[in-house]
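Participant: got a sequence here, can you build the structure:
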Amino acid sequence: MKITQDNILATKVRKAVFPVGGLGTRFLPVTKAMPKEMLPVVDKPLIQYAVEEAAEAGIEEFIFVTGRGKTAIEDHFDHSFELEYTLRQRGKQEEYQSLNSLIKLPGSISYIRQQEPLGLGHAVWCARHLIGNEPFAVLLADDFIYAPTPCLKQMVDAYEKGVMVAVMDVELSHVNRYGIIDIMQEHQRQVKVKAVIEKPSPEQAPSRLAIIGRYILDSEVFEHLDKQERGAGGEIQLTDALSPMIQKMPFNGYRFDGTRYDCGSKGGLLAASIAVALNRSDLRDEVLNELSRVIPHSIKPA
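Facilitator: Next up, the predicted model:
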């Protein structure tokens, strides 16, 4: 087959969508004035981890679907000239370099406003004109995946065409929180998908294999999202748009290597921070000492 630019675009994953328009009500009052995606895991906000993961997977264009009150995200990935000047003047080169690493090439970051929080499918649909006819990734920042090789890179390396979603087994009592996969067959880390059911009851769930917030999607998904059909919770669900694609193209789940923390919950965010801190040589001893001091006084006898 003759290699053309169209062939390359048909398989190379160059663009990523970051839906960051949610209200973050589970973290009120802190999210009243700060986007939940800016909540920190140790010393970096969740959205920075997601962007770094995408960059390590070869993503070249970063598309943020934002909402009202999200300008802190835009500011985070832009220059802060006064702060940068102050750091240089004080000889804080390491801190200056860490800020500079946030800045992407001009034109590589785009922001689109989602006027209403109508669901993940609607957020992805808002990015349709910037995606065009290419496969693209979707990353949910509050699904924090701590892994030796970034989750999206694992997926991109395994991706050939069609749809690929990150999956993991969840407790049966939690299946009503996720899109759940009906499994056709498995081979190593890849799972061939027979069907996807959005937030089933434990009695209706075909498995405990849940879709986690990393996707590689074919642009055909926009044809289904164009219908603006409401699903579970009265929202436009991404999984509902993916279901018709199962019979038309390769559709695989990918069992990633790594630990996922649900940083949309307070406990998950705290657990992620502890896990990251314990894996950092500059923090490990201090955190272990603090935990050994705090835990005995925090756990009451049964």
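Participant: all helices of this structure, in order?
Facilitator: Along the chain, the stretches classed as helices by DSSP state H are 5-11, 46-56, 71-76, 81-89, 93-100, 120-125, 128-131, 151-158, 221-225, 238-242, 266-278, 284-298.
Participant: quick one, what contacts Gln228?
Facilitator: 122, 125, 236 (Cβ atoms under 8 Å, 6 or more residues apart in numbering). In short, each C-beta sits where N, CA and C put it, glycine included.
Participant: that one and Lys199, how far apart?
Facilitator: The gap separating Gln228 from Lys199 is 19 Å, by Cβ to Cβ, to the nearest Å.
Participant: kindly report the same for Trp125.
Facilitator: 20 Å.
Participant: which of those two has more neighbours?
Facilitator: Neighbours were counted for Trp125 and for Lys199 using other Cβ atoms under 10 Å; Trp125 has more, 24 against 18.
Participant: quick check: chain neighbours aside, which residue is closest to that one?
Facilitator: Leu225 (4.0 Å; Cβ to Cβ, 6 or more residues apart in numbering).
Participant: quick one: contacts for the one you found?
Facilitator: So Leu225 contacts 121-122, 124-125, 128, 236, 238, 241 (Cβ under 8 Å, 6+ apart).
Participant: repeat that for His79.
Facilitator: By Cβ under 8 Å, 6+ apart, the residues touching His79 are Ile103.
Participant: quick one: which of the contacts of Leu225 has the most company?
Facilitator: Neighbour max across the contacts of Leu225 (other Cβ under 10 Å) = Leu238, 27 neighbours.
Participant: was I right to think that one contacts Val124?
Facilitator: Yes - with contact defined as Cβ atoms under 8 Å, Leu238 counts as touching Val124 (5.8 Å).
Participant: touching both of those two, which residues are there?
Facilitator: Counting by Cβ under 8 Å, 6+ apart, the residues touching both Leu238 and Val124 are 138, 221, 225.
Participant: including pLDDT and distance to Thr259, could these go into a markdown table?
Facilitator: Formatted as a markdown table, the shared contacts of Leu238 and Val124 follow (pLDDT from 0 to 100; distance: Cβ to Cβ, whole Å):
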| residue | pLDDT | distance to Thr259 |
| --- | --- | --- |
| Val138 | 98 | 20 |
| Val221 | 94 | 28 |
| Leu225 | 92 | 31 |
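Participant: could I get the residues you listed as JSON lines with distance to Leu105?
Facilitator: Shown next, in JSON lines, are these (distance: Cβ to Cβ, whole Å):
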{"residue": "Val138", "distance to Leu105": "21"}
{"residue": "Val221", "distance to Leu105": "27"}
{"residue": "Leu225", "distance to Leu105": "29"}
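Participant: out of those, who's nearest Leu172?
Facilitator: Val138 (26.3 Å; Cβ to Cβ).
Participant: just give the nearest non-adjacent residue to that closest one, would you?
Facilitator: In space, Val138 is closest to Tyr215, 4.1 Å off (Cβ to Cβ, 6+ apart).
Participant: now do the contacts for that neighbour.
Facilitator: 137-139, 163-166, 238.
Participant: run through the stretch 201-302 of the chain and note the low-pLDDT ranges.
Facilitator: The model of the stretch 201-302 of the chain has pLDDT under 70 over residues 299-302.
Participant: in stretch 104-117, what's buried?
Facilitator: 104, 109, 111-112, 114 (16 or more other Cβ atoms under 10 Å).
Participant: farthest-apart pair in those residues, please.
Facilitator: The widest separation within those (Cβ to Cβ) is 21.2 Å, between Lys104 and Gln114.
Participant: wait, Val65 sits on Trp125?
Facilitator: No - contact criterion Cβ under 8 Å: Val65 and Trp125 do not qualify, at 9.1 Å.
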